[in-house]
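# 3D, please:
(one chain, ligands or ions: 1)
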Amino acid sequence: MPEAQAQAQAPSHTPGLPPLYTPQPQSPSRQGFDFHTSDSDSASAAHDGTGTGTAHSPSRTGTAASQRRTSNPPPSIISPAFTPPATPGFTTPSQPRRPPRSIPVDTSRTSDSPRPELLEELPVVECEVRARIPTTTGHEMWLHVYRNNVDTKEHLAIVFGSQIRSRSLDAERPGETELDRMTRGAYVGRLYPGRMSSRVEAIKRAEGVPSKRTPGQPAPTDPAESPSPSPDQPLASPSPSPSSAASSENGDASPLPLPLPLVRIHSECYTGETVWSARCDCGEQLDESARLMADPVLSPSGGAIVYLRQEGRGIGLGEKLKAYNLQDLGNDTYEANVLLRHPADARSYGLATAMLMDLGLGGDRGIRLLTNNPDKVRAVEGPRREVVVRERVAMVPLAWKTGGKQGIKSEEVEKYLSTKIEKFKHMLDQK
Ligand SMILES: Nc1nc2c(ncn2[C@@H]2O[C@H](COP(=O)(O)OP(=O)(O)OP(=O)(O)O)[C@@H](O)[C@H]2O)c(=O)[nH]1
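Next up is the predicted model:
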């Protein structure tokens with residue numbers, strides 16, 4: 001929730017008096033993407049070298065959790081402004097820390113369902129700026145803002161891990177200074193007060209550190225320490241082919257290949273992601289994607305959520321609210337769109353394909369895509385298979401996984417999910 005919004009909802013609080021609002025444990029509807037167990041905290045802190053994979057890990061939900069643990073939290077830290085009464089999901093689910101199960105996908109084979117209509121040419125995209133965002137879970141993500149030549153919206157890429165970099169961001173722009181580059185996020189490694197260059201190599205040279213490693217010297221453990229790749233180089237780290245994976249399983253001593261990077265193409269949903277709607281599972285899906293990608297054990301090759309501003313399956317928020325009213329009058333999500341003279345699903349994925357290519361996730365190596373939507377799998381590959389979806393990871397609602405103990409529970413979300421399965425043919429079953 002934006003801070004201003006949270007402030008607006010906070011109960012008034014006289015300084016010196018205890019806060020008016022004491023959070024109570026609730027049956028959570030949306031859990032937030034807090035995924036820390038004590039083990040994962042220490043492991044992640046060790047991995048990222050920041051020491052920030054902390055034990056307190058305040059998520060949207062974690063602030064209230066820490067408030068329950070201590071009798072007298074300092075009001076400056078635990079303010080009701082950060083946890084308004086309506087915030088659902090106070091408890092943190094402890095979920096097993098296993099890599100997600102993926103299902104091989106081969107879209108080059110002919111299938112019964114028609115291929116979605118794709119634009120002949122992909123849009124042109126450019127990453128305008130990126131910044132490091134420390135999150136409430138203790139992990140970090142890199143938020144990238146993209147511009148394009150087909151609409152005026154700010155589409156986003158939320159990148160986890162330092163292996164995935166934008167080519168258009170890293171490309172030199174005429175006349176720019178080192179400060180310009182750092183200001184728009186085109187730097188390697190981390191910013192710190194007084195840093196003079198966007199390039200690690202330049203800093204090392206200035207400090208007299210030899211830039212070339214001698215043979216046998218280990219590579220830096222943090223890929224962000226490597227010099228910025230040129231815009232023409234593939235940016236995602238190369239991965240051995242699936243056949244080399246098989247040879248390792250057969251007893252070959254070669255190291256196990258890294259799994260493919262995880263990718264989610266997520267469509268904006270203000271109601272489900274910001275104002276706690278239990279009509280859909282969009283917020284939960286966003287949290288779950290981030291949970292999987294932020295954890296280096298679950299997603300060692302990093303991950304990217306391409307966040308497309310296609311609110312309401314592309315019809316916009318106002319029209320989606322009309323659709324909700326039509327749903328309350330007895331129609332399902334498919335029928336409501338059609339009654340409003342919109343396509344049942346008005347989205348397209350060319351921007352996502354172009355953004356994935358820009359992030360170095362195009363090409364034959366392929367990606368693992370988090371989705372249940374068959375159209376999305378095929379559409380994101382682009383008109384000439386510029387991106388290859390090698391594996392799919394299903395997004396199973398938390399309520400199904402936990403037998404209703406966690407996750408969203410409402411009549412509306414049940415109807416929403418059953419319409420996705422029956423009418424939109426989403427690949428989701430309860431097995
Ligand atoms: N028109 C309309 N859009 C909705 C409704 N509920 C959620 N949405 C939008 O649906 C989009 C998410 O699409 P979904 O069909 O839930 O999922 P998906 O992205 O196709 O598939 P997954 O990748 O499996 O999540 C977001 O843009 C939401 O704003 C609704 O009742 N009507």
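
# what does the model give the residue lying closest to residue 103 once chain neighbours are set aside for pLDDT?
Among residues not flanking residue 103 along the chain, residue 392 sits closest, at 5.0 Å (CB to CB, 6 or more residues apart in numbering). Quick note: C-beta positions are derived from backbone N, CA and C, even for glycine. Turning to residue 392, the model gives it a pLDDT of 96.

# same thing with the one 10 residues further on?
Confidence per residue is given as pLDDT, and for residue 402 that number is 92.

# Just want to check the distance between it and residue 396.
Counting by CB to CB, to the nearest Å, the gap from residue 402 to residue 396 is 10 Å.

# More neighbours: which of those two?
More crowded of residue 402 and residue 396, by other CB atoms under 10 Å: residue 396, with 18 against 13.

# Could you look up the SS state of that one?
Classification of residue 396 using DSSP: H, G, I helix; E, B strand; the rest coil returns coil.

# OK, contacts around it?
By CB atoms under 8 Å, 6 or more residues apart in numbering, the contact set of residue 396 is residue 428.

# From the ligand, how far out is it?
Using CB to the nearest ligand atom, to the nearest Å, one gets 10 Å for the distance from residue 396 to the ligand.

# Same question for residue 292.
Counting by CB to the nearest ligand atom - residue 292 and the ligand are separated by 14 Å.

# Not counting residues beside it along the chain, what's closest to that residue?
Closest to residue 292 by CB to CB, 6+ apart is residue 298, at 5.1 Å.

# who's in contact with the one you found?
97, 98, 99, 100, 291, 292.

# The third one and the ligand: what is the separation?
This means residue 99. 19 Å.

# which SS state does the residue nearest to residue 292 fall under?
The local conformation at residue 298, judged by three-state DSSP, is coil.

# go on, residue 414?
Classification of residue 414 using three-state DSSP returns helix.

# Same check on the one 5 residues further on?
The three-state label for residue 419, taken from three-state DSSP, comes out as helix.

# That one: what's it in contact with?
332, 333, 334.

# In strands, which of the residues you listed fall?
Cross-referencing these against strands under DSSP state E gives no overlap.

# export these to CSV and tack on pLDDT and neighbour count?
CSV is the format used below for these (pLDDT from 0 to 100; neighbours: other CB atoms under 10 Å):
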residue, pLDDT, neighbour count
332, 97, 19
333, 98, 25
334, 98, 17
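
# so which of those residues would you say is closest to the ligand?
Nearest to the ligand among the contacts of residue 419, counting by CB to the nearest ligand atom, is residue 333 at 3.9 Å.

# Need the nearest residue in space to that closest one, chain neighbours excluded.
Nearest one to residue 333, counting by CB to CB, 6+ apart, is residue 419 at 5.0 Å.

# how much space between that neighbour and the ligand?
9 Å.

# any idea how far that residue lies from residue 412?
Taking CB to CB, one finds residue 419 at 11 Å from residue 412.

# do the same with residue 319
As judged by CB to CB, residue 319 and residue 412 stand 18 Å apart.

# What pLDDT does the model give residue 113?
60.

# Need the residues that contact whatever helix or strand residue 376 lives in.
Element membership of residue 376 [criterion: DSSP states H and E] is helix 374-379. With contact meaning CB under 8 Å, 6+ apart, helix 374-379 is reached by 105, 107, 113, 115-116, 118, 265, 345, 348-349, 353, 369, 371, 389, 392, 425-427.

# and the residue nearest to residue 124 when sequence neighbours are not counted, what pLDDT?
Nearest residue to residue 124 in three dimensions, chain neighbours excluded: residue 149, at 4.5 Å (CB to CB, 6+ apart). Residue 149 carries a pLDDT value of 98.

# what residues are up against residue 149?
Counting by CB under 8 Å, 6+ apart, residue 149 has contacts 123, 124, 125.

# Buried only: go through those residues for me.
Buried members of those, scored by 16 or more other CB atoms under 10 Å, are 123, 125.

# As a check, name the ranges of all helices in the stretch 51-200 of the chain.
Here the stretch 51-200 of the chain has its helices, by DSSP state H, counting those that start in this stretch, at 62-69, 167-170, 178-183, 200-206.

# Least reliable of those by average pLDDT, please.
Lowest mean pLDDT within these: helix 62-69, at a mean of 40.

# tally of neighbours for the nearest residue to residue 315 once chain neighbours are set aside?
For residue 315, ignoring the flanking residues on the chain, the nearest one in space by CB to CB, 6+ apart is residue 342 at 4.7 Å. Counted with other CB under 10 Å, residues neighbouring residue 342 total 19.

# Same question for residue 420.
20.

# In this structure it contacts residue 371, no?
No. Counting by CB atoms under 8 Å, residue 420 sits too far from residue 371 to count as a contact (11.3 Å).

# residues from the chain in reach of the ligand?
Contact residues (CB under 6 Å from any ligand atom) of the chain with the ligand: 267-269, 280, 282, 285, 310-313, 315, 320, 323, 333, 337, 371-373, 376, 395, 420, 426.

# what residue ranges in the stretch 51-200 of the chain score low on pLDDT?
51-97, 109-117 (pLDDT under 70).

# isn't residue 297 right up against residue 139?
No. Look at residue 297 against residue 139 with CB under 8 Å: they stay out of range, at 11.9 Å.

# ok, these two, which is more surrounded?
Higher neighbour count among residue 297 and residue 139: residue 139, with 29 against 13, using other CB under 10 Å.

# do you know how far the more buried one is from residue 287?
As judged by CB to CB, residue 139 and residue 287 stand 13 Å apart.

# Give the burial count for residue 345, as a bare number.
Residue 345: 20 neighbours (other CB under 10 Å).

# helix or strand right after the helix holding residue 376?
Heading C-terminal from helix 374-379, the first helix or strand you meet, by DSSP H and E, is strand 387-393.

# Give me the sheet partners of that following strand and which way each runs.
Strand 387-393 sits in its sheet next to strand 103-104 (antiparallel), strand 363-370 (parallel), going by DSSP bridges.
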